[in-house]
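> Provided below are the primary sequence and the corresponding predicted coordinates.
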Amino acid sequence: MSWRDNLIKIEPYVAGEQPNKTDFIKLNANENPYPPAPGVLKAIERFNAEGLKKYPDADAKPLAAAIAKRVGLERENVFVGNGSDDVLALCFRAFFNSDKPVIYPDITYSFYPVWCEMLRIPFETIPVDGDFSINAEDYKRPNGGVVIANPNAPTSIARGLDFIREILDANKDSVVIVDEAYVDFGGESAVPLLSEYENLVVTQTFSKSRSMAGMRIGCAFGNKEIISALYAAKDSYNSYPMDSIAIEAGVASVEDEEYFLATLKKVIATRDRLTAELREMGFSLPDSSTNFVFAEHEKYRAKDICEFLKTKDIYVRYFSKPRIDNRLRITIGTDEEIDALIAALKEYIG
Ligand code: PMP
């Protein structure tokens with residue numbers, strides 16, 4: 001027996017490549033191509049560095065309050081953390097303590113199995129249909145919790161609230177997490193269902209629709225008991241998760257609704273244009289409700305296209321995983337970036 005036997009054995013989550021160069025088109029991590037709201041920069045410039053000598057507000061209350069006001073909830077219904085990855089990991093720790101398996105689709109955000117392994121939570125994945133649709137019937141079985149990304153990633157497909165309701169109605173004894181990382185790009189948020197379902201938790205992020213991936217801000221919405229459990233988990237691990245600058249910058253983002261909506265509109269218009277162009281070129285892809293598309297070509301292998309695009313300094317995401325290993329996940333960039341992508345694809349396809 002060696003100390004090596006006691007080291008963690010886990011296959012970690014692999015994030016989109018962050019190439020170590022500057023002049024390239026990055027469409028591989030579902031980042032937003034536009035800058036954060038102008039008020040965010042102002043908040044950072046205004047920030048008094050002297051304040052850094054103190055610990056931040058432990059529960060990021062000003063930010064939780066600003067988010068709560070925007071979505072029409074009480075501050076006690078909102079939890080904020082360092083990106084929704086942090087928030088989701090805490091949710092898994094706080095809510096999934098049953099011997100029964102947590103269930104989620106086989107094709108979804110690949111961090112879920114990593115958290116289950118890391119936190120020793122039993123889990124089962126449920127195959128999605130051939131067209132990647134999640135079947136609510138499959139979630140009517142004993143479980144220790146349910147996680148649904150809606151819209152789902154990397155498929156880009158959103159389901160309506162009737163579907164979320166059907167899952168909630170069948171799972172009154174488990175916490176149901178709805179991961180809404182991409183909801184602002186065309187999904188329907190489950191937040192209005194919080195008043196009806198005490199076991200519902202909704203998570204969202206500032207990384208995509210608010211262009212703040214580099215700052216790490218995510219949040220969860222739920223009833224007060226659920227949110228208290230989340231704070232208890234946080235306070236048993238790291239009582240000061242968000243830094244003081246992020247709290248102020250986050251508030252500034254929430255306060256600029258107009259900029260938020262204008263940015264979404266641009267990303268959505270580019271996405272819809274790219275979708276049409278890709279179909280024209282022989283790609284098939286579901287209608288996207290996110291800031292990315294998930295496309296497969298009828299003749300060319302996704303891996304080869306991905307490698308070719310790299311030679312043109314265009315980075316898209318390819319997953320060598322069963323069922324999706326002939327798909328490209330392409331993040332929506334600026335119009336110029338997407339024009340360059342389309343030109344490169346046309347060159348490859350001929
Ligand atoms: N959920 C889903 C479905 C995602 O794709 C991502 C982004 N990788 C996240 C959560 C986490 O995003 P962040 O930690 O930046 O908030």
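Sure thing, it's come through. Numbering: from 1, shown residues only.
> so what's residue 303 up against?
Going by CB atoms under 8 Å, 6 or more residues apart in numbering, residue 303 touches 318, 320, 325-326. For glycine as for every other residue, the C-beta is placed from the backbone atoms N, C-alpha and C.
> near the ligand, which residues of this protein?
Taking CB under 6 Å from any ligand atom as the contact definition, the chain meets the ligand at 83-85, 109, 149, 153, 179, 181, 205, 207, 213, 218.
> and residue 73, how far is that from residue 65?
The spacing between residue 73 and residue 65, counted by CB to CB, to the nearest Å, is 10 Å.
> three-state assignment of residue 294?
strand (DSSP: H, G, I helix; E, B strand; the rest coil).
> number of nearby residues for it?
For residue 294, the neighbour count with other CB atoms under 10 Å is 25.
> per-residue pLDDT, it?
What the model reports as pLDDT for residue 294 is 98.
> same check, this time on the one 5 residues further on
Per-residue confidence at residue 299 stands at 97 (pLDDT).
> could you find the closest non-adjacent residue to it?
residue 282 (6.5 Å; CB to CB, 6 or more residues apart in numbering).
> can you check residue 51 too?
Closest to residue 51 by CB to CB, 6+ apart is residue 244, at 5.7 Å.
> what does residue 312 give?
Counting by CB to CB, 6+ apart, the residue nearest residue 312 is residue 344, at 4.5 Å.
> contacts only, for residue 109.
Residue 109 sits next to 149, 153, 179, 181 when contact means CB under 8 Å, 6+ apart.
> look up phi and psi at the closest residue to the third one other than its chain neighbours.
Spelled out, that is residue 179. Spatial nearest neighbour of residue 179, excluding adjacent residues (CB to CB, 6+ apart): residue 149 at 4.2 Å. Per-residue torsions, residue 149: phi -90, psi 120 (degrees, to the nearest 10).
> for residue 149, give its distance to residue 198.
Taken as CB to CB, the span from residue 149 to residue 198 is 21 Å.
> what about those two, which has more around it?
The neighbour count for residue 149 versus residue 198, taken as other CB under 10 Å, is higher for residue 149 (28 against 14).
> follow-up on the earlier one: and the two most separated of the residues of the chain next to the ligand?
Maximum pairwise distance in these, criterion CB to CB, is 16.9 Å, between 149 and 213.
> and residue 22, what's its pLDDT?
pLDDT, residue 22: 83.
> that one: neighbouring residues, count only.
Neighbour count for residue 22, taken as other CB under 10 Å: 5.
> phi, psi of it?
With angles defined as degrees, to the nearest 10, residue 22 sits at phi -110, psi -30.
> also residue 111?
Here the main-chain torsion angles of residue 111 (degrees, to the nearest 10) amount to phi -80, psi -20.
> can you tell me the SS state at residue 10?
Under three-state DSSP, residue 10 falls in the coil class.
> which stretch of helix or strand covers the residue lying closest to it once chain neighbours are set aside?
Of all residues not flanking residue 10 in the chain, residue 117 sits nearest, at 5.1 Å (CB to CB, 6+ apart). Element membership for residue 117 (DSSP states H and E) is helix 111-118.
> please consider this matter closed, and thank you.
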